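Colleague: Following is a predicted model, sequence given first.
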Amino acid sequence: MPKADAEERGFALGQEISTTFDEKGAFIVRKTVVSAPDKDITDAVSRATTYIEKYRGDFEALANK
């Protein structure tokens, strides 16, 4: 889809989309609805990221064995 057409239809660079064909064979492009992240998941990802960063050197050493 040309950039001008995408912008005219409200799509943004990097936005997730889904594509399909309807029963008549027309190509359909839809914006993917992304729900707000669950607070528990966000907290878990944050803790995991902190842990990974703390032990990054150890993980890299193990990966290189």
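Modeller: Great, that's in hand. None of these values were measured; they are calculated from a predicted model.
Colleague: Every contact and neighbour count from this point should use C-alpha atoms.
Modeller: Will do.
Colleague: Please name the bridge partners of residue 27.
Modeller: Applying DSSP bridges to residue 27 gives these bridge partners: residue 21.
Colleague: which residues touch residue 12?
Modeller: residue 6 (CA atoms under 8 Å, 6 or more residues apart in numbering).
Colleague: Distance of it relative to residue 61?
Modeller: 40 Å (CA to CA, to the nearest Å).
Colleague: Repeat that for residue 23.
Modeller: From residue 23 to residue 61 the distance is 54 Å (CA to CA).
Colleague: Show the pLDDT at the spatially most central residue of the chain.
Modeller: Of all residues in the chain, the one closest to the mean position by CA atoms, centre = their mean is residue 16, 7.0 Å from it. We have a pLDDT of 86 for residue 16.
Colleague: List phi and psi for it.
Modeller: phi -80, psi 140 (degrees, to the nearest 10).
Colleague: That one against residue 31, yeah?
Modeller: Yes. Using CA atoms under 8 Å, residue 16 is in contact with residue 31, at 6.4 Å.
Colleague: Now do stretch 48-60: distance to the chain's middle.
Modeller: Centroid displacement of stretch 48-60 relative to its chain, using CA atoms, centre = their mean, to the nearest Å, is 23 Å.
Colleague: which residues sit against it?
Modeller: Against stretch 48-60 from outside (CA under 8 Å, 6+ apart): no residues.
Colleague: In stretch 2-15, which residues are buried?
Modeller: By 16 or more other CA atoms under 10 Å, the buried positions in stretch 2-15 come out as residue 11.
Colleague: Give me the distance between the two termini of that stretch.
Modeller: With CA to CA applied, stretch 2-15 spans 15 Å between its terminal residues.
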